[in-house]
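>>> next comes the sequence, and after it the predicted model I'd like to discuss.
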Amino acid sequence: MTKILITEFINTNSLQTLKQNFEVHYNEKLWDQPEEIIKLIKEFDGLIVRNKTKVTKDIIDHAHTLKFVGRLGVGLDNIDTEHCKNKGIHVQPATGMNADSVVEYVASSALSLIKKIPLFNNGTIKGEWPRTTIKSEEISGKTLGLIGYGSIGKKVSKYCSNLGLNIVAYDPYLKDQNNEQDVKFVKLDEIYNVSNIISLHLPLTDETRNLINKVSFSKMKQQPIIINTSRGSVVNEDDLIEAYTNNLISGFALDVFENEPIKQEFYNKINDNMNCILTPHISGVTTQSNERVCNFIADKTLEFFKNR
């Protein structure tokens, strides 16, 4: 019987579906035990993970019968996809299943930061009543710059255009840019030049690591808000804090970080007088999106092994 190893949380319904069709070993804390995974993996045909399990070359080399890796999420930087490809192992992300959740996070963060909600909130809690000392703005008529225009970027564009935002986008890998309505495709420097809000929707690669850095911030002319829901290392965090301190940007929302959980050195640079939102990698995590992600990967696992 086909054997499936699951090393992180999966919902009950999807787990039952898998158990009805496969021999399943489920331990949602196994992600933190790479040596145990290496011991177990040699017997399994399928592996299902989230973002904490590091599917390394070492693990793959011990997986003598592994044919399928299901990712309960979208990003694949925790999986050695190249080595999987060389070994003939199919890697299946849950592409698009958490997009609606990310879109709502981007829109709500943009609204909150444009209106300076973090500053009003923190000041009011401290008893300052900052009704006239902080100036907020309306979002309609401002320009949203999207860096990356994949499935999530497209949905962000559509959602935010309904808020009255003008949309510009940069994506050198998008082949047909003429079929997109209400979006103007521009060069990266133009994104920096015209955007009031910049939202990042990129995978982490050698090309995108530290893409948003001191040089990038120096080109930003509108004191934009930065929103990162992609991967933490796309943004140089030290340069981000420096840019905010020097008024090159007017706020930031980070749902992803170079180190997760965040290290104390980063916390030391943050204070409650900053127009910022920090969240623990939850932009794509809601009750509804989790159901979609889990059900999708369970269905794709069934489909893959049924067709073999």
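Arrived safely.
>>> of all the residues in the helix or strand where Asp100 lies, which ones are buried?
Using DSSP states H and E, Asp100 sits in helix 99-114. Using 16 or more other Cβ atoms under 10 Å as the test for burial, helix 99-114 gives 99-107, 109-110, 112-114. Any C-beta I mention is one placed from the backbone N, CA and C, and that applies to glycine too.
>>> Arg308: which of those residues is nearest?
The closest of these to Arg308 turns out to be Ala99 (Cβ to Cβ; 29.2 Å).
>>> go through stretch 213-224 and flag the buried ones.
So, applying 16+ other Cβ under 10 Å, buried residues of stretch 213-224: 213, 216-217, 220, 222, 224.
>>> circling back to that earlier point, give me the contact list for the helix holding Asp100.
The contact list for helix 99-114, computed with Cβ atoms under 8 Å, 6 or more residues apart in numbering, reads 117-118, 136-139, 142, 144, 151-152, 155-156, 159-160, 163, 196-197, 199, 225, 227, 229, 250-253, 255, 275-277, 279, 282-286, 288-289.
>>> mark which of the residues you listed are buried, thanks.
Here, 16+ other Cβ under 10 Å leaves 117-118, 139, 142, 144, 152, 155-156, 160, 196-197, 199, 225, 227, 229, 250-253, 255, 275-277, 283-286, 289 buried among those.
>>> follow-up on the earlier one: which of the buried residues of helix 99-114 sits closest to Cys294?
Using Cβ to Cβ, the buried residues of helix 99-114 come closest to Cys294 at Ser101, 13.6 Å.
>>> contacts for stretch 40-55?
By Cβ under 8 Å, 6+ apart, stretch 40-55 touches 2-10, 18, 22, 25, 30-32, 34, 37, 59, 62-73, 75, 78-80, 84, 281, 297, 301, 304-305.
>>> what angle sits between the helix or strand hosting Cys160 and helix 99-114?
Under the criterion of DSSP H and E, Cys160 resides in helix 151-161. Relative orientation of helix 151-161 and helix 99-114, computed by axes from the mean of the first three to the mean of the last three Cα atoms, to 10 degrees: 50 degrees.
>>> packing partners for helix 151-161?
helix 99-114, strand 143-147, strand 166-170 (3 or more Cβ pairs under 8 Å, 6 or more residues apart in numbering; DSSP states H and E).
>>> angle of it against strand 166-170?
160 degrees.
>>> which residues does helix 151-161 contact?
74, 95-96, 99-100, 102-104, 106-107, 110, 144, 146, 149, 167, 169, 171, 180, 182-183, 199, 201, 229.
>>> give the rounded mean pLDDT of that helix.
Mean pLDDT, taken over the full extent of helix 151-161, equals 96.
>>> that helix to strand 143-147, inter-axis angle?
180 degrees.
>>> now His64, what's its secondary structure?
Put simply, His64 is coil when judged by DSSP: H, G, I helix; E, B strand; the rest coil.
>>> for it, which non-adjacent residue is spatially closest?
Distances taken as Cβ to Cβ, 6 or more residues apart in numbering put Lys42 closest to His64, at 5.1 Å, once the chain neighbours are dropped.
>>> any idea how far the one you found is from Lys184?
52 Å (Cβ to Cβ, to the nearest Å).
>>> for Lys135, same thing?
Applying Cβ to Cβ to Lys135 and Lys184 gives a distance of 28 Å.
>>> which one of those two has more residues nearby?
Legend: neighbour count by other Cβ atoms under 10 Å for Lys135 and Lys184, higher for Lys184 (13 against 7).
>>> residue contacts, the more buried one?
By Cβ under 8 Å, 6+ apart, the residues touching Lys184 are 166-169.
>>> could you dump those to CSV with pLDDT and neighbour count?
Compiled in CSV, these are given as follows (pLDDT from 0 to 100; neighbours: other Cβ atoms under 10 Å):
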residue, pLDDT, neighbour count
Asn166, 98, 18
Ile167, 98, 22
Val168, 98, 22
Ala169, 97, 24
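>>> just those now: which is nearest Ile191?
Val168 (6.1 Å).
>>> okay, and the beta partners of that closest one?
Gly145, Lys184 (DSSP bridges).
>>> from now on call the first residue 53
Sounds good: first residue 53 from here, last item Val220.
>>> so which residues of the chain form helices?
Here the chain has its helices, by DSSP state H, at 64-73, 86-93, 109-114, 133-138, 151-166, 169-177, 203-213, 240-246, 266-270, 289-297, 316-319, 339-358.
>>> those: which one's closest to Glu259?
helix 240-246 (11.7 Å).
>>> just the CA atoms of stretch 180-197, as PDB, please.
Only the C-alpha atoms of stretch 180-197 are listed here, as PDB (Å, rounded to 0.1, in the frame of the first residue of the first chain):
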ATOM      1  CA  GLU A 180      -2.100  60.900  24.000                       C
ATOM      2  CA  TRP A 181      -5.400  61.400  21.900                       C
ATOM      3  CA  PRO A 182      -3.500  62.200  18.700                       C
ATOM      4  CA  ARG A 183      -6.500  63.400  16.800                       C
ATOM      5  CA  THR A 184      -4.800  66.500  15.300                       C
ATOM      6  CA  THR A 185      -1.200  65.600  15.500                       C
ATOM      7  CA  ILE A 186      -1.200  62.800  13.000                       C
ATOM      8  CA  LYS A 187      -2.300  63.400   9.400                       C
ATOM      9  CA  SER A 188      -3.900  60.500   7.500                       C
ATOM     10  CA  GLU A 189      -5.000  60.200   3.800                       C
ATOM     11  CA  GLU A 190      -7.500  58.500   1.600                       C
ATOM     12  CA  ILE A 191      -6.400  55.600  -0.600                       C
ATOM     13  CA  SER A 192      -8.500  56.400  -3.700                       C
ATOM     14  CA  GLY A 193      -6.400  58.000  -6.400                       C
ATOM     15  CA  LYS A 194      -3.100  56.800  -5.200                       C
ATOM     16  CA  THR A 195      -0.800  54.400  -7.100                       C
ATOM     17  CA  LEU A 196      -0.100  50.800  -6.200                       C
ATOM     18  CA  GLY A 197       3.000  49.400  -7.600                       C
END
